[in-house]
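[1] no FASTA, just this:
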């Protein structure tokens, strides 16, 4: 069920890292009927507001990129908030999409849905085969519920809802708040502050976990491609998207330090959690469809650092 360039597309979460990348990709592809709403204009956790919006706008296609996200610290300290907000968004948007006759929906998930100790690389069929990583369990359970909700609606109502599971993302519009950001943007800021202060940089854990990173613009191209060309019957319950490349958190810190020109000491606070020991997605199913990432990690970090510097200068 291919999207027409003039079809009405609702992009939920357009101000976030993922949503803004998808909007750029859609606009570059000539899509000219993209509907967006800020949180002040539409509270996606409020069922009445969401249903009224869908009744009025009647979008043909939906990208569900809205979510409450954060790093290990925020997830650990606010599990109820992460669960409620993400669960409410999924329940409201997916159900309203069905009620209003949306032709196709793409649900953005997260690689944290997989069990903490699942075999590596992580295949789609490993979902619900073991315990989750405790530090972000609440967020993961809400994301798993959204995947299952899409699958149940497809089964019972014949809808065409697909779920895409990205690896760790970074890119334009990233969040550099040290409490709520993810590891890569947090490191960019921490190392920058250490460089400007002349002090050592202190990072969480021992640097041993392995991680995979993907630029948000690469994710967006995959998401739009899947919406344009592939239906639920082609993809199944969910499909992974990653770069296929991994490095340790210690190696990531060294790479960011090199990009920033930081030559000071990097210290590791082992009283803080490491998170999952390794998290590499098996993206072979998506690769078989012809997609490949274009932005290598060093290039992406260089771009992100320049963006961070521009924000830092503006806020001084």
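    Yep, it's here. Predicted, not measured: the structure shown is a model, and the values here were computed from it.

[2] Which other helices and strands does the helix-or-strand element of the chain with minimal mean pLDDT contact?
    Lowest by mean pLDDT, DSSP states H and E among the helices and strands of the chain is helix 72-77, with a mean of 79. For helix 72-77, there is no helix or strand it packs on, judged by 3 or more CB pairs under 8 Å, 6 or more residues apart in numbering; DSSP states H and E. Every residue, glycine included, has its C-beta placed from N, CA and C.

[3] Check which element follows that helix along the chain.
    Sequence order places helix 79-100 as the next helix or strand after helix 72-77, per DSSP states H and E.

[4] hmm, back to that, buried sites along the least confident helix or strand of the chain?
    72-76 (16 or more other CB atoms under 10 Å).

[5] between these, which is nearest residue 234?
    Within those, proximity to residue 234 (CB to CB) peaks at residue 75, which comes in at 32.7 Å.

[6] excluding its backbone neighbours, what's nearest residue 287?
    Using CB to CB, 6 or more residues apart in numbering and skipping the chain neighbours, the partner closest in space to residue 287 is residue 244 (7.4 Å).

[7] show me the contacts for that neighbour.
    By CB atoms under 8 Å, 6 or more residues apart in numbering, the residues touching residue 244 are 212, 280, 283, 287, 293.

[8] in the chain, what residue sits furthest out from the centroid?
    Relative to the centre of the chain, the most outlying C-alpha is that of residue 198, 33.3 Å out, by CA atoms, centre = their mean.

[9] That residue contacts residue 262, correct?
    No - here residue 198 lies out of contact with residue 262, judged by CB atoms under 8 Å, at a distance of 10.5 Å.

[10] what's the closest non-adjacent residue to residue 236?
    Spatial nearest neighbour of residue 236, excluding adjacent residues (CB to CB, 6+ apart): residue 124 at 7.1 Å.

[11] measure that neighbour to residue 242 for me?
    Applying CB to CB, to the nearest Å, the value for residue 124 to residue 242 is 12 Å.

[12] Quick check: neighbours shared by those two?
    Common contact partners of residue 124 and residue 242 (CB under 8 Å, 6+ apart): residue 282.

[13] Give the residue from the two that has the larger number of neighbours.
    Ranked by neighbour count (other CB atoms under 10 Å), residue 124 and residue 242 place residue 242 first, with 28 against 22.

[14] how about that one, what does it touch?
    Neighbours of residue 242 in contact, by CB under 8 Å, 6+ apart: 111, 166-167, 212, 214, 280-283.

[15] quick one: the helices in the stretch 1-150 of the chain?
    For the stretch 1-150 of the chain, applying DSSP state H, counting those that start in this stretch gives helices covering 17-28, 47-57, 72-77, 79-100, 137-157.

[16] what's near enough to touch the closest residue to residue 160 other than its chain neighbours?
    Closest residue in space to residue 160, ignoring its immediate chain neighbours: residue 104 at 4.6 Å, by CB to CB, 6+ apart. With contact taken as CB under 8 Å, 6+ apart, residue 104 is in contact with 1, 3, 60-62, 160-162, 227, 231.

[17] Turn the residues you listed into CSV, columns for distance to residue 184.
    Below are the contacts of residue 104 laid out as CSV (distance: CB to CB, whole Å):
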residue, distance to residue 184
1, 35
3, 31
60, 35
61, 30
62, 28
160, 33
161, 30
162, 27
227, 26
231, 33
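
[18] right, and out of those, which lies closest to residue 152?
    Of all the contacts of residue 104, residue 152 sits closest to residue 161, with 9.5 Å by CB to CB.

[19] you'd agree residue 234 is in a strand?
    No - using DSSP: H, G, I helix; E, B strand; the rest coil, the assignment for residue 234 is helix, not a strand.

[20] weakest of the helices of the stretch 1-150 of the chain in terms of mean pLDDT?
    Lowest mean pLDDT of those: helix 72-77, a mean of 79.

[21] contacting residues around it?
    Residues outside helix 72-77 that contact it (CB under 8 Å, 6+ apart) are 82, 135-136, 138-139, 179-180, 204, 272-273, 275.

[22] ok, and the most crowded of these?
    Ranked by neighbour count (other CB under 10 Å), the contacts of helix 72-77 have residue 139 at the top, with 28 neighbours.

[23] The closest residue to residue 205 other than its chain neighbours and residue 250, how far apart?
    Nearest residue to residue 205, sequence neighbours excluded (CB to CB, 6+ apart): residue 274, at 3.9 Å. For residue 274, the distance to residue 250 equals 11 Å [CB to CB].

[24] for the helices of the stretch 1-150 of the chain, which one sits closest to residue 268?
    Per CB to CB, nearest to residue 268 of the helices of the stretch 1-150 of the chain: helix 72-77, 14.4 Å.

[25] and the closest one, how far out from the chain's middle?
    Relative to its parent chain, helix 72-77 has a centroid offset of 16 Å by CA atoms, centre = their mean, to the nearest Å.

[26] same check, this time on stretch 210-220
    Its chain's C-alpha centre and that of stretch 210-220 lie 9 Å apart, by CA atoms, centre = their mean.
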